[in-house]
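Student: With the input below, show me the fold.
(chains A and B)
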Amino acid sequence: MSQRQIIQVFEQYQKSRMQFVQTVADLASRPINIEILQNAGVMSMLRPLLLDVVPSIQQTAALALGRLADHSDDLAEAVVKEDILPQLVQSLVSQNRFYKKAAAFVLRAVAKHSPELAQAVVACGGVGALVLCLEEFDPGVKEAATWALGYIARHNAMLSQSVVDAGAVPLLVLCLLEPEIALKRIAASTLSDICKHTPELAQTVVDTGAIAHLAQMILNPDAKLKRQVFSALSQISKHSVSLAEMVIEAEIFPAALASLRDQDEYVRKNVATLMREVVKHSPELSQLIINYGALSGVIDYVNDCRGNLRLPGIMMLGYVAAHSETLAMAVIISKGVPQLGLCLAEESEHHIKAATVWSIGQIGHHTPEHAKAVATAHLLPKLLELYMDASSSEDLQAKSKKALKSILQKCTHVPGLEPLLYDAPSNILKHVVCQFSKVLPHDSKARRLFVTSGGLKKVQEIEAEPGSALQEHINAINGCFPEELVRYYTPGYSEALLERLDNYQSA
Amino acid sequence: DMVELLKIGSEITEFPKELFYRNRFEDTRQRENQVATQIQSWFRACKVRAYLSHLHKKAIIIQKIWRGFTARARVRQMVKAAYFIMKMNFYEEMAVRIQRRWRGFFQRKYIHNFYARKSYLEGVAIKNILVRRKLDKLNEVQKRERDCRAMVKEQEGKVYQAQRLHHLMSTKQCPGVFNSPFRQAPHEMELLLRQVKYQVPTRLAPRGRVRPQGTPSPTNSRTCCSREPGEVWEQQVQCPDLMLSLQTSYTYLEEAQNQLQQQETVRVRTETHTVCTHNDTPTHKIMLQKSYHIH
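Tutor: Below is the predicted model of the structure:
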């Protein structure tokens, strides 16, 4: 056999290996084929190819593995069980950039499914290797490594801590400064995943000066980048007042309001989330944000979107109103209350309704003015309805009861209180009647209105145990009116009159 | 002597009388002694009593004067204290009035300033309106930009179409599809066809082959900002043949062709040495054809 023929045998084998690996990689890109591949034992076939002599076969094998592991978590577990990860990690350090990309892809695909798998990736030194990849020049490698780190850090605080301990954060901040948009996106998303767990992690990220760079990227036209940037900023600011203040000091605010009208709905949602996280810490921060005119932006945002996207906007209004009555009045002036009423009517999910109800409670409970604003928007009967509705979740019922109580304790607006007389259960009713007993002794027009609209009649019909608070309030109300009027409206008065007629003997 | 005798005689007669006279009170001596003692004691008592009462009176006077003195001193002190307290109460009440007024003023002016609150709320409302207007304008500008870009893209698409459909342009003989005789004026596509200069369509596939490793192939490239992360990598894998040339240099193909040509020319030359020369040209042509085939 000539040398050429022997070499031809080897070349043929190499070609067939290459073809196998490429076909598997192509098939693995379609989810339907993956089960069949799995049953055919593709994992054990691919494993030796990872150590192949030809680099392109290694890379394609790694890519195929990555696609398989990406698809389902059993395959990812199989990758871990077959001890492929240590090999990958070791070769990650030495190989060229295409292999690094493929290997980072595999690590990402394994780590994304569950914290245990991510822990397995961390345990075989994956994090250190990925951080070394971050120091490469090629942006594709950095992107793959950053993505993998992001998926690892996403699961829980311990994993994020291990990512931070490996010194990834300064390198991630450097990635933010790179010109490639995809790399910026992924770096921002990874920073967001790291920061979201604990204040210490957020502080570590902030100490490397990430906020300034994130703030610069707000005006970038790319929508997905903006999503990640705002998400990162909101995860940083949610932990404590000082972090929120640092985020505000980066002067994002007038610019961020423009993003509230962005085309991409998730950008808007993340801006609203950022505002909510900043506002919830202290009244000064809320005032700062309101002074930029954020309230109109948020209310328009809540108006435009539907469903779960509304939630951060609604909660932001609630947090703002909760701090002080001036801020609550600012929310009322910006026409927040009718908007919240609309949300209550349009949304069907209970947790959104619960959030809306809570916000309304926060707005209304400060002073009679606020309670009047809530009452004139006809929200009190709606709150009562939500409380009484048996199909509401427990959380919704508890929140609507609390909101209703706190608003009622300040409400002196008689037309708003009246509808509540009719359907309310006794624990709500006693508050309503208590308010009436406070208002009616002083206001004659209200008394007239009370009588003509049938409120006095309803009050007489209420049965209360003598000596209870309810009875005392009823007596107080009855004391405001002349006795004939009270007697006229007591139930059974017509029968009593007829009885008198029967017993009457003309003198 | 007679005188003396008379004296003694008188004395003797006088003596019992004297004796008797001198001792006439003997029986009442004790009693009278007692009485005298009583009288003396009484008298002494009187003297002492008088002295004591004198002392008492004087003591009373002293005490009276002393007590009056101290009491007056105390009263003076009490009066001073009472006066002081009254003064303090008065001052305090005046101070309370001042503080009340001041605190009310201060709170109303600085802490719970009603007008500040009112103007703040008005300011918030105005700011909201302004921000809304600004955002609306921004929205409009962005929308216009987007529409503009969409229009430009559409126009570019049409121009590209026109470039490809050059053959549908109407000629003198035959009106084209877009220039139906039933129409009053030619369709815009027709006009576009007339405007656009014909370009030879460049074939896109061969361009990808000679690209060096590591750069994205233009067939799969879209605008940078819409590329998903990781897409670059995956797209490169879709041209797997390129991976093979990793091992080799950029000009591998050309070099191989050159090498083969050289080998063939060497072989031809060695062959022509042995074979007669008039077979050169056809074999050479065949060689050349073969080499074109390799290309």
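
Student: CA atoms for contacts and neighbours, from now on please.
Tutor: Fine.

Student: What is the burial count for the residue in the stretch 51-200 of chain A that chain B sits nearest to?
Tutor: Closest approach between the stretch 51-200 of chain A and chain B, counting by C-alpha to the nearest C-alpha: residue A:182, at 5.3 Å. Using other C-alpha atoms under 10 Å in any protein chain shown, residue A:182 is surrounded by 25 other residues.

Student: Surely it and residue A:142 touch.
Tutor: No. Counting by C-alpha atoms under 8 Å, residue A:182 stays clear of residue A:142, with 10.2 Å between them.

Student: Find residues that contact each of the two.
Tutor: Among the neighbours of residue A:182, none is also in contact with residue A:142 (C-alpha atoms under 8 Å, 6 or more residues apart in numbering or on different chains).

Student: Around chain B, pick out the residues from chain A.
Tutor: Within chain A, the positions near chain B by C-alpha under 8 Å from any C-alpha of the partner chain are A:22, A:56, A:60, A:98, A:101, A:140, A:143-144, A:181-183, A:186, A:222, A:257-258, A:261-262, A:290-297, A:326, A:329-330, A:333-334.

Student: Can you tell me the centre-most residue of chain A?
Tutor: The centre of chain A sits closest to residue A:312, judged by C-alpha atoms, centre = their mean, with a distance of 6.1 Å.

Student: got the contact list for it?
Tutor: Contacts for residue A:312 (C-alpha under 8 Å, 6+ apart) come out as A:269, A:272-273, A:276.

Student: how about the residues you listed in TSV, adding pLDDT?
Tutor: Listed next are the contacts of residue A:312 as TSV, based on pLDDT from 0 to 100:
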residue	pLDDT
A:269	93
A:272	93
A:273	94
A:276	93
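
Student: now, which of those lie within helices?
Tutor: Using DSSP state H, the subset of these located in helices is A:269, A:272-273, A:276.

Student: show me the residues around the residue of chain B found nearest chain A that make contact.
Tutor: At 4.9 Å from chain A, residue B:128 is the closest residue in chain B, using C-alpha to the nearest C-alpha. Listed by C-alpha under 8 Å, 6+ apart, the contact set of residue B:128 reads A:293-297, A:334.

Student: Check which helix or strand it maps to.
Tutor: Using DSSP states H and E, residue B:128 sits within helix B:114-164.

Student: Contacts for the helix or strand that comes right after that helix, please.
Tutor: Per DSSP H and E, the first helix or strand lying C-terminal to helix B:114-164 is helix B:188-195. For helix B:188-195, the external contacting residues (C-alpha under 8 Å, 6+ apart) are B:159, B:162-163, B:165-166, B:169-170, B:176, B:178-179.

Student: picking up where we left off before, selecting buried members of the contacts of residue A:312 in PyMOL, what would you type?
Tutor: Restricted to buried positions by 16 or more other C-alpha atoms under 10 Å in any protein chain shown, the PyMOL selection for the contacts of residue A:312 reads:
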select buried, chain A and resi 269+272+273+276
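
Student: Tell me, domain by domain, which residues of chain A belong where.
Tutor: Per the TED database, the structural domains of chain A span A:21-166, A:251-401, A:412-492.

Student: can you tell me which of those the model trusts least?
Tutor: Among those, domain A:412-492 carries the lowest mean pLDDT, at a mean of 82.

Student: Kindly list the main-chain dihedrals of residue A:331?
Tutor: Main-chain dihedrals, residue A:331, degrees, to the nearest 10: phi -60, psi -40.

Student: Tell me, how many residues neighbour it?
Tutor: Residues lying near residue A:331 (other C-alpha under 10 Å) number 24.

Student: Next one: it from residue A:91, what distance?
Tutor: Between residue A:331 and residue A:91 the computed distance is 59 Å (C-alpha to C-alpha, to the nearest Å).

Student: go on, residue B:126?
Tutor: With distances taken as C-alpha to C-alpha, residue B:126 is found 63 Å from residue A:91.

Student: Compare those two (neighbour count), which wins?
Tutor: Using other C-alpha under 10 Å, the more surrounded residue of residue B:126 and residue A:91 is residue A:91, with 17 against 14.

Student: Next secondary structure element downstream of the helix or strand where the more buried one lies?
Tutor: Per DSSP H and E: residue A:91 is located in helix A:84-94. The element immediately downstream of helix A:84-94 (helix or strand, assigned by DSSP H and E) is helix A:97-111.

Student: what packs against the helix or strand following that next one?
Tutor: Per DSSP H and E, the first helix or strand lying C-terminal to helix A:97-111 is helix A:115-123. Under the contact definition 3 or more C-alpha pairs under 8 Å, 6 or more residues apart in numbering or on different chains; DSSP states H and E, helix A:115-123 sits against helix A:73-81, helix A:97-111, helix A:139-154, helix A:157-165.

Student: Can you name every helix or strand that the first one contacts?
Tutor: By that I understand helix A:73-81. Secondary-structure packing of helix A:73-81 (3+ C-alpha pairs under 8 Å, 6+ apart): helix A:55-71, helix A:97-111, helix A:115-123.

Student: go on, the longest one?
Tutor: Contact here means 3+ C-alpha pairs under 8 Å, 6+ apart; on that basis helix A:139-154 packs against helix A:97-111, helix A:115-123, helix A:126-134, helix A:157-165, helix A:181-195.

Student: was I right about residue A:260 contacting residue A:268?
Tutor: Yes. With contacts defined as C-alpha under 8 Å, residue A:260 counts as touching residue A:268 at a distance of 4.8 Å.

Student: Now list whatever residues contact both of those two.
Tutor: What both residue A:260 and residue A:268 touch, as defined by C-alpha under 8 Å, 6+ apart, is the set residue A:301.

Student: ok, these two, which is more surrounded?
Tutor: Set residue A:260 next to residue A:268 and count neighbours by other C-alpha under 10 Å: residue A:268 wins out with 29 against 23.

Student: who touches the residue lying closest to residue A:178 once chain neighbours are set aside in this structure?
Tutor: Of all residues not flanking residue A:178 in the chain, residue A:184 sits nearest, at 6.7 Å (C-alpha to C-alpha, 6 or more residues apart in numbering or on different chains). Residue A:184 sits next to A:175-178, A:225 when contact means C-alpha under 8 Å, 6+ apart.

Student: can you pick the most crowded of those residues?
Tutor: residue A:225 (25 neighbours).

Student: Once you drop chain neighbours, what's closest to that residue?
Tutor: Setting aside the residues directly before and after it, residue A:225 is nearest to residue A:185 in space (C-alpha to C-alpha, 6+ apart), at 4.8 Å.

Student: ok, now how distant is the one you found from residue A:273?
Tutor: For residue A:185, the distance to residue A:273 (C-alpha to C-alpha) stands at 18 Å.
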